[in-house]
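Peer 1: Kindly generate the corresponding structure for this input.
(one chain, ligands or ions: 1)
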Amino acid sequence: MYQPNALRAEDFIDHGEIMDTLAYAEKHKADLSLLSEILAKAAHRKGLDHREAAVLLLCEDLQVNEQINQLAHQIKLDFYGNRIVIFAPLYLSNYCINGCTYCPYHAKNKHIPRKKLTQEELIREVTALQDQGHKRLAIEAGEDLIHNPISYILECIDTIYHIHHKNGAIRRVNVNIAATTEEEYHMLKEAGIGTYILFQETYHKESYEKLHPTGPKHDYAYHTEAMDRAMAGGIDDVGLGVLFGLENYPYELVGLLMHAEHLEAVHGVGPHTISIPRIKRADDIDPEDFDNGIDDDVFAKICAIIRIAVPYTGMIISTRESKSVRERLLPLGISQISGGSRTSVGGYDTPEPEVESSAQFDVSDQRSLDEVVRWLMELGHIPSFCTACYRAGRTGDRFMAFCKSGQIQNFCHPNALITLQEYLEDYAAPETKRIGQALIQQQIQDIPNENTRAKTKQFLRDITAGARDFRF
Ligand code: SAM
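Peer 2: Numbering: from 1, shown residues only. Below is the predicted model:
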């Protein structure tokens, strides 16, 4: 019997339950009365369980699919407004002892240049990122106890938080490193990280083991139970993700939502974010070698369903996706995107010629951060460099309670405007600045609380006069 609060990976990601769910969804995918019941539940912002989401996923009715999109868009606006949080990945090291068959960092790849940033190189990378305008990073590293032990990761986090170039500062470091022990998660928590991100890659145990034939990552249970250890270690915010293309997508979506249900059942708080990467071409990796690739239509549908199934969970799309795909997905519920990204070790300070690249995968959206910021604003979104919640202790269940109380518009909205103003003052091209300032003037009216509105106006004046780092 499937129990979301079970503690063993194979019990909370119960293969039998996933197969039953998919059979149930197949049987009911054209049942219009059930579909409208599910949509009505989603419209009440109650989220959906994995079975309900699976029925929507398999449904081919055009009208229902249109309703899913509209609902996803409306829920995105209700919970996240028109804000899009901006971050950049920072690759610390591509040494790796795992054998992931889709990743060019796999241990058997002897020709990719292996690199690990020294602290001096890290300072140059972070300075280059600050000079673009970034305030929030996701650090990435391969798994290698000799080259990238936890002491190295902690040293890097400490270095990053201490770099202040001109008006620059990295105010939130999210961490995407391999599954580790509760003790090491506790160390990351103590180092002041934001979200701990770990992609499951695939929830299908048998495929997982084939796709990770060697190295510590081969252990499905250890990987799948990592978020429980992270939370036991004190990390409040965890980010899930599936690498779409490895296994069939209905299986993955159901597994992903079951994982979210498990975290909620055991820890009282679901995932802070969900990422939806798709496999990309990379050094010795050809996405065509994987049979489960999904097209843009399916990808958009997955995005919309995640949005309505877990309304309080942020959703991330990286520069793996092109400008046009990102443009299509943004209104369907994305709340965070990366911009101006490099996926090579040292790539911000010294962009590499492609032939010698140490990059993890090809970046489809190669625009600069400034171009991304401007594009977002032209589409009516507010690019946000805000990092306030976790610095104010609004993490985990406190963040969720805050979200549910509807206070976001009095906190996140002004914080987005203030941090955008900092960006415009310090880093924007003249045209970006012009568009941004007009947008801020217009958006300031949407702050519901009068005092907060007045205070925001004061902060904006202070920023123009040279002060920095205000937040609600
Ligand atoms: N080594 C860590 C781990 O095992 O989780 C860090 C993760 S890695 C630096 C970040 C993510 O990139 C992986 O979890 C994987 O999903 C994704 N990735 C790897 N190869 C990829 C490829 N060819 N295309 C797109 N994403 C890829």
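Peer 1: wait, what's in contact with Ser318?
Peer 2: Pro89, Ser275, Pro277, Ile337, Ser338, Ser341 (CB atoms under 8 Å, 6 or more residues apart in numbering). Placement of C-beta: from N, CA and C, glycine included.
Peer 1: Could you pull up the residues touching the most centrally placed residue in the chain?
Peer 2: When CA atoms, centre = their mean is applied to the chain, the residue found nearest the centroid is Ile316 (3.5 Å). Going by CB under 8 Å, 6+ apart, Ile316 touches Gly239, Gly241, Thr273, Ile274, Ser275, Ile276, Ile334, Ser335, Gln336, Ile337, Ser338.
Peer 1: need the residues of the stretch 1-150 of the chain near the ligand, please.
Peer 2: Residues of the stretch 1-150 of the chain lying close to the ligand (CB under 6 Å from any ligand atom) are Tyr102, Cys103, Glu140, Gly142, Glu143.
Peer 1: Could you export those residues as TSV, including pLDDT?
Peer 2: Below are those laid out as TSV (pLDDT from 0 to 100):
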residue	pLDDT
Tyr102	97
Cys103	97
Glu140	98
Gly142	98
Glu143	98
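Peer 1: top of these by neighbour count?
Peer 2: Gly142 (26 neighbours; other CB atoms under 10 Å).
Peer 1: thought that residue was touching Asn94?
Peer 2: Yes - counting by CB atoms under 8 Å, Asn94 is a contact partner of Gly142 at 5.4 Å.
Peer 1: any common contacting residues for the two?
Peer 2: With CB under 8 Å, 6+ apart, Gly142 and Asn94 have common neighbours Tyr105.
Peer 1: can stretch 314-328 be found next to the ligand?
Peer 2: Yes - contact of stretch 314-328 with the ligand (CB under 6 Å from any ligand atom) involves Arg320.
Peer 1: Just the buried residues of that stretch, please?
Peer 2: Gly314, Met315, Ile316, Ile317, Ser318, Thr319, Arg320, Glu321, Val325, Arg326, Arg328 (16 or more other CB atoms under 10 Å).
Peer 1: quick check, nearest of those residues to the ligand?
Peer 2: Sorting those by distance to the ligand puts Arg320 at the head of the list, at 5.4 Å, by CB to the nearest ligand atom.
Peer 1: Now do the closest one, the pLDDT please.
Peer 2: Listed pLDDT for Arg320 reads 95.
Peer 1: Help me confirm that it is found in a helix?
Peer 2: No - per DSSP: H, G, I helix; E, B strand; the rest coil, Arg320 lies outside any helix segment and is coil.
Peer 1: Mind jotting down where the strands sit in the chain?
Peer 2: 83-93, 136-141, 172-176, 196-197, 238-241, 273-275, 314-317, 336-338, 382-384 (DSSP state E).
Peer 1: Kindly format the C-alpha coordinates of the longest one as CSV.
Peer 2: Right, the one you point to is strand 83-93. Extracted as CSV, the C-alpha positions of strand 83-93 are listed here (Å, rounded to 0.1, in the frame of the first residue of the first chain):
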residue,chain,number,x,y,z
ARG,A,83,8.0,38.8,-11.2
ILE,A,84,10.8,36.5,-12.5
VAL,A,85,13.7,35.9,-10.2
ILE,A,86,17.1,35.9,-11.9
PHE,A,87,20.1,33.7,-11.1
ALA,A,88,23.2,32.3,-12.7
PRO,A,89,24.9,28.9,-12.3
LEU,A,90,28.5,28.9,-11.2
TYR,A,91,30.6,25.8,-12.0
LEU,A,92,33.3,25.3,-9.4
SER,A,93,34.7,22.0,-10.6
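Peer 1: List the buried residues in it.
Peer 2: Arg83, Ile84, Val85, Ile86, Phe87, Ala88, Pro89, Leu90, Tyr91, Leu92, Ser93.
Peer 1: In contact with the fifth one, which residues?
Peer 2: Each residue near Phe87 by CB under 8 Å, 6+ apart is listed here: His134, Arg136, Leu137, Ala138, Asn174, Gln336, Ile337, Ser338.
Peer 1: And the residue of the stretch 301-450 of the chain found nearest the ligand, how close does it get to Thr224?
Peer 2: Residue nearest to the ligand within the stretch 301-450 of the chain (CB to the nearest ligand atom): Phe361, separated by 3.7 Å. If you measure Phe361 against Thr224 using CB to CB, to the nearest Å, the figure is 23 Å.
Peer 1: Likewise for Ile308?
Peer 2: Applying CB to CB to Ile308 and Thr224 gives a distance of 25 Å.
Peer 1: what about these two, which has more around it?
Peer 2: Shown here are Ile308 and Thr224; by other CB under 10 Å, Ile308 has more neighbours (30 against 23).
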